[in-house]
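Visitor: Turn this into a model:
(chains A and B)
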Amino acid sequence: MNNIDLLINFSYVVSAALFIFGLKLLSSPETARKGNMISAMGMLLAIVMVLFSSGLDYKWIFLGLAIGGSIGVFSAKKVEMTSMPEMVAIFNGFGGGASLLLAWFEYLSRYYGAQSPPLFTAMVMPLSIFIGGLTFSGSLIAYGKLSGKIPGRPYLFKGQQTLNIAVVFAVTLPAVLFVWNPAAGHPWLLAVIAVALVFGILTVIPIGGADMPVVISLLNSYSGLAACAAGFVIQNNILIVAGSLVGASGLILTNIMCKAMNRSLSNVLFSGFGSDSGTTSGGEQQGEVEPISAEDAYYIFEAAHSVVFVPGYGLAAAQAQHQVREFGELLEENGTEVQYAIHPVAGRMPGHMNVLLSEANVPYDQLVEMEDINSIIDSVDVAVVIGANDVVNPAAINDESSPIYGMPIIEVHRAKTVIVLKRSMRPGFAGVENALFYGENTRMLFGDSRETITALINEFKE
Amino acid sequence: MTAVFLTFVLLLSIFLGFEIISKVPSTLHTPLMSGANAISGITLIGAISSFQLDQTTAGVILGTAAVAMAAINVFGGYLVTDRMLSMFRKKDADDK
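Guide: Okay, the predicted model is just below:
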């Protein structure tokens, strides 16, 4: 290792420290933006330093940087906050794809028809290509489902799991043959790529729209692991450090999402939950639904000391964030304490509702987590459920026969009054009846949530 | 020996990752994910460092595509995360 390479490698240590420090600052919304900048500084440092390596073919590197950079900048400026899940999904795919390409490129330019790589390198090469490939094609499917380009419903067929297992075994054959004689193993490497791409599609296609938060978290993790594996191929520490940080992050989020839905990861991946299996449980609901008009709701709000909004994806779908924020501000001017309680799986990806509400100018100190609101929910005067259903269904606590039993919920039924904004009586993703709507302290405010809230705002202004 | 050394690095970074990232509040999980997208673009460093002169045509195509794809993640990921985080505001800071 000559001096310049030594210097480059030392700068990677600094970059790694900056990534870690940047992620550490992400522990509070106050410092998060600075953290992201610091992380970006780490990346910039690494990019600048690596360009000093000897013998690089700059024209192609800069061409790639220009193409990728402009696509990246353009999409970052353009994307709507409601579409963040799609963007993260496709970026997961690019991460995986880049790692696949890097491993393939490394093979072609250094080992193909030449000297065989060390055994360890030969072994991680197909691994890197496999993880990268499945992340790439799986993410494209996830992107298609999230953006509505392919139907979100799960595709299930007989023998799906058997097929998946068969595919995993199928990949070991070309991988082993490749490791046997890497210098002549290009066709086997191509076979690994093909199987990986097919496997990615097969893994994501059976998963329903409601489970997408889990899937993009998992693919997020894979994209990191792919970078990690590529780091092993080219024996580069910074790829391993950064990749494993991403891998760990995705795994933590996957775990949080699964817990919030009270399901195991294998259940999410293989059961096709969210299909129209029509699981209605618990027989007939007792009690009456009590509708309420916007005008009557106004009197309840006016007298309330504390109001908690419980938003679900329906809020974002109706584009009602801004109206809700305006209504919340009017309530505050009226002396009411306003909070927003957010369930971990509300929205299409982890933390999505928080971003949408922040975009609508809701201050983050008003956004409260599920556990925190549940401990004070008894003293809340009015809980307003907007476009959420399963995450407030009391059956998760008291009906053992319910398919969502055991899932942690925001226990709005314990609030003094619950007002549910809802288009119709249609059940949620899980297809489960919601006893909340029949509760004695529940009032149903039917209609498009955006129009309903506008009506409430007008009541207040009069 | 390199393999052992690299695996050490892997193991320690995974533990470190779990430690830091479990402290990220759920409010920031979306920026965390897009920030993770940006960091996973680290493959860019690998792609550049391997892009030596005298590539075959196939090599040029694969290498340039790898650089481009990773660059999308790096640039797009950091910028969109910054855009998102700039929207998070505290209550009193903005009450004029």
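Visitor: C-alpha from now on. contacts and neighbour counts both.
Guide: Will do.
Visitor: quick one: secondary structure of the residue positioned nearest the centre of chain A?
Guide: The structure's chain A has its C-alpha centroid closest to residue A:349; by Cα atoms, centre = their mean the separation is 3.4 Å. Secondary structure state of residue A:349, per DSSP: H, G, I helix; E, B strand; the rest coil, is coil.
Visitor: Work out for me the element the residue nearest to it when sequence neighbours are not counted sits within.
Guide: Nearest non-adjacent residue to residue A:349, counting by Cα to Cα, 6 or more residues apart in numbering or on different chains: residue A:213, 4.3 Å away. In the assignment (DSSP states H and E), residue A:213 maps to helix A:212-234.
Visitor: longest helix anywhere in chain B?
Guide: helix B:57-85 (DSSP state H).
Visitor: Tell me which other helices or strands that one touches.
Guide: On a contact count with 3 or more Cα pairs under 8 Å, 6 or more residues apart in numbering or on different chains; DSSP states H and E, helix B:57-85 meets helix A:29-50, helix A:58-78, helix A:84-106, helix B:29-40, helix B:43-50.
Visitor: Relative to residue A:170, how far out is the residue nearest to residue A:235 when sequence neighbours are not counted?
Guide: Nearest residue to residue A:235 in three dimensions, chain neighbours excluded: residue B:6, at 7.4 Å (Cα to Cα, 6+ apart). As judged by Cα to Cα, to the nearest Å, residue B:6 and residue A:170 stand 28 Å apart.
Visitor: now swap in residue A:125 and tell me
Guide: 17 Å.
Visitor: Skipping its backbone neighbours, what lies nearest residue A:414 in space?
Guide: residue A:378 (5.4 Å).
Visitor: The one you found against residue A:417, yeah?
Guide: No. The criterion here is Cα atoms under 8 Å, and residue A:378 misses it with residue A:417 at 10.0 Å.
Visitor: where in chain B is pLDDT low?
Guide: Within chain B, the stretches with pLDDT under 70 are B:1, B:92-96.
Visitor: The same query, at a cut-off of 90, please.
Guide: B:1-3, B:54, B:89-96 (pLDDT under 90).
Visitor: Run through the residues that contact the residue nearest to the spatial centre of it.
Guide: Centroid check for chain B by Cα atoms, centre = their mean gives residue B:39 as the closest residue, at 0.8 Å. Residue B:39 makes contact with A:19, A:43, A:242, A:243, A:246, B:73, B:74, B:77 under the criterion Cα atoms under 8 Å, 6 or more residues apart in numbering or on different chains.
Visitor: can we see that at 10 Å?
Guide: By Cα atoms under 10 Å, 6 or more residues apart in numbering or on different chains, the residues touching residue B:39 are A:19, A:39-40, A:42-43, A:95, A:223-224, A:227, A:239, A:242-243, A:245-246, B:33, B:70, B:73-74, B:77-78.
Visitor: angle of the helix or strand hosting residue A:353 against helix B:57-85?
Guide: Taking DSSP H and E as the criterion, residue A:353 maps to helix A:352-359. Here helix A:352-359 runs at an angle of 60 degrees relative to helix B:57-85 (axes from the mean of the first three to the mean of the last three Cα atoms, to 10 degrees).
Visitor: Can you give the distance of helix A:352-359 from its chain's centre?
Guide: Helix A:352-359 has its C-alpha centroid displaced from the chain centroid by 14 Å (Cα atoms, centre = their mean, to the nearest Å).
Visitor: Mind checking if that helix is in reach of chain B?
Guide: Yes. Legend: contact between helix A:352-359 and chain B by Cα under 10 Å from any Cα of the partner chain is shown at A:352, A:353, A:354, A:355, A:356, A:357, A:358, A:359.
Visitor: other SSEs contacting the top helix by length along chain A?
Guide: For chain A, the helix with the greatest residue count under DSSP H is helix A:119-146. Applying 3 or more Cα pairs under 10 Å, 6 or more residues apart in numbering or on different chains; DSSP states H and E, one finds that helix A:119-146 makes contact with helix A:84-106, helix A:160-180, helix A:186-204, helix A:212-234, helix B:2-21.
Visitor: Quick check: buried residues in that helix?
Guide: A:121-146 (16 or more other Cα atoms under 10 Å in any protein chain shown).
Visitor: Could you check which residue of the stretch 201-350 of chain A lies nearest chain B?
Guide: residue A:245 (4.7 Å; Cα to the nearest Cα).
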